[in-house]
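Trainee: Predicted model, plus sequence, below.
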Amino acid sequence: MFSIIAVVGKNRELGKKGGLIWRLPGDMKFFREKTLGHKVVMGRKTYESIPGGKGLEGRENIVLSRKSGDAEAIIRELACSNEEVFVAGGGSVYQKMLPYSARLYLTEVDATDAEADTFFPEFDKDKYTRVELGKGEDNGIKYTFSQYDKK
């Protein structure tokens, strides 16, 4: 089962200039707790943006690249798995994987960023059941951890 995990602003902002907009310690902890020990699918640029250049520790990093042409085969292989496989960005990978994902973990930030250049894809919230998992605040920025499950 694919599960998308992302931090998004009020206008679905994800990133700008190749990086995250918000670096929230509470969200980083949430991301780590959810993904640790799992497979994590991401695009090449997202992989390269991870500090240290070694990917995410304690997780199997699966990097999708437009050039390799193997994305469809990887998706088919992982879709047959009963384990939760996380999708961690970027924007084009979220767009591609949204139809295959049964669950979305979204850290919904109560803020906007006019300089954002990458956005989370639009999705019909009526087709999901939303559960609020908790709230947080870092550096004066409030956010909500939400889980959306396809109906």
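Mentor: Noted; the coordinates are in hand. The structure presented is a predicted model; accordingly, all values stated were derived computationally and were not measured.
Trainee: Run through the bridge partners of Val40.
Mentor: Asn61, Phe86 (DSSP bridges).
Trainee: Next: Lys135.
Mentor: Bridge pairing for Lys135 - DSSP bridges - gives Thr144.
Trainee: how much space is there between it and Glu33?
Mentor: 16 Å (Cβ to Cβ, to the nearest Å). C-betas here are computed from N, CA, C, even on glycine.
Trainee: Looking at the two now, which is surrounded by more residues?
Mentor: With neighbours defined as other Cβ atoms under 10 Å, Lys135 and Glu33 compare such that Lys135 has more, 12 against 8.
Trainee: pretty sure the more buried one is touching Lys142, no?
Mentor: Yes - applying Cβ atoms under 8 Å as the test, Lys135 and Lys142 come out as touching, 7.1 Å apart.
Trainee: what does the model give Asp124 for pLDDT?
Mentor: Note on Asp124: pLDDT of 96.
Trainee: how much space is there between it and Ile5?
Mentor: Counting by Cβ to Cβ, the gap from Asp124 to Ile5 is 19 Å.
Trainee: Just the strands from this protein, written as ranges.
Mentor: 2-8, 13-16, 19-20, 39-43, 60-64, 85-87, 101-109, 118-119, 128-138, 141-150 (DSSP state E).
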